[in-house]
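In: this one's sequence-less:
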């Protein structure tokens with residue numbers, strides 16, 4: 001009974017339990033002192049102490065609009081002909097330009113030299129041979145919404161149409177992912193090389209819904225304090241090989257206890273640090289020595305051989 005009462009009395013104010021467990025059935029509500037100690041005291045409205053400020057500051061204008069008095073003076077003269085006395089007061093307002101997509105037409109003109117030869121202007125760089133195409137700014141906006149803001153494809157298409165007026169298809173938006181991946185392929189290689197050369201790197205894998213409905217893929221990631229690399233594949237050894245980091249990695253791997261991180265093919269590893277529930281198990285041992293995956297928690301305990309004398 002005492003043990004159960006102690007368990008029920010635990011909360012985020014007197015233990016390491018998260019605040020989300022304080023409202024579970026049977027839990028005692030936190031006192032005001034406990035809430036303050038746990039950082040859960042009721043906050044005042046507005047900016048909190050220590051939070052970074054964001055104020056509208058006066059800056060150089062991008063556009064100046066002059067306004068003059070209009071109408072008639074008390075003497076009956078029209079103020080349109082009055083003398084300008086300069087600026088008496090200024091107001092600034094931050095505004096975005098009208099987000100309307102522009103259709104730019106590139107006309108190629110021929111020209112005839114004095115010798116009689118004709119020359120045709122070259123197509124501008126970046127303009128494809130298709131009669132109608134999408135410009136780089138609109139393509140970049142689609143990638144930004146998809147990748148950085150995680151906007152679904154259909155909503156991304158609708159957002160672009162509502163904000164800019166440009167009508168693009170869902171297929172066009174989805175196709176920007178492969179185009180963007182090809183464009184940054186040259187950047188991904190040095191990032192993976194820098195992670196491979198690191199002394200310690202973290203590795204993890206998580207599920208992701210990708211492809212047809214009901215299809216589950218895995219995102220394999222490698223991370224250091226400054227670099228991150230992600231790979232979309234499966235939770236298989238083949239995908240780990242295709243990721244292309246563990247095969248040449250010579251540092252300490254920080255990961256869960258998934259078997260692919262302890263594969264015999266990664267012979268250059270300096271060691272493992274397995275991340276367990278609320279614990280960290282450091283393993284600086286050399287390659288080939290006993291590793292965390294060989295613990296008693298994972299392998300069956302050996303049974304003693306039967307004694308014939310005890311059981312004739």
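Out: Received it, and whenever you're ready, just let me know what you need. Treat the numbers as computed from the prediction; the structure is a model and nothing was measured.
In: Please identify the helix or strand for residue 111.
Out: Secondary structure from DSSP states H and E places residue 111 in strand 110-112.
In: Packing partners of the helix or strand that that strand is followed by?
Out: Beyond strand 110-112 in the direction of the C-terminus, DSSP H and E gives the next helix or strand as strand 118-120. Contact partners of strand 118-120 among helices and strands, from 3 or more CB pairs under 8 Å, 6 or more residues apart in numbering; DSSP states H and E: strand 110-112. In this view, the C-beta of every residue, glycine as well, is placed from N, C-alpha and C.
In: List of residues touching the strand it packs on?
Out: 118-121 (CB atoms under 8 Å, 6 or more residues apart in numbering).
In: can you list the residues you listed in TSV and add neighbour count and distance to residue 102?
Out: TSV is the format used below for the contacts of strand 110-112 (neighbours: other CB atoms under 10 Å; distance: CB to CB, whole Å):
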residue	neighbour count	distance to residue 102
118	8	31
119	10	29
120	9	25
121	11	21
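In: between those residues, which is closest to residue 214?
Out: The nearest member of the contacts of strand 110-112 to residue 214, counting by CB to CB, is residue 121 at 52.0 Å.
In: Please report how far that closest one lies from residue 105.
Out: 14 Å (CB to CB, to the nearest Å).
In: what stretches of the stretch 51-200 of the chain score poorly on pLDDT?
Out: Across the stretch 51-200 of the chain, nothing is flagged by pLDDT under 70.
In: where do the helices sit along it?
Out: With DSSP state H, counting those that start in this stretch as the criterion, the stretch 51-200 of the chain has helices at 136-143, 153-164, 170-183, 185-196.
In: mind putting those in JSON lines, distance to residue 208 included?
Out: As requested, those are exported to JSON lines (distance: least, CB to CB, whole Å):
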{"stretch": "helix 136-143", "distance to residue 208": "18"}
{"stretch": "helix 153-164", "distance to residue 208": "15"}
{"stretch": "helix 170-183", "distance to residue 208": "13"}
{"stretch": "helix 185-196", "distance to residue 208": "18"}
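In: so which of those helices comes closest to residue 210?
Out: Closest among those, using CB to CB: helix 170-183, at 10.3 Å.
In: relative to helix 185-196, how tilted is that closest one?
Out: Per axes from the mean of the first three to the mean of the last three CA atoms, to 10 degrees, the angle that helix 170-183 makes with helix 185-196 is 50 degrees.
In: Could you report the neighbour count for residue 168?
Out: 19 (other CB atoms under 10 Å).
In: Now do it against residue 141, distance only.
Out: In terms of CB to CB, residue 168 sits 10 Å off from residue 141.
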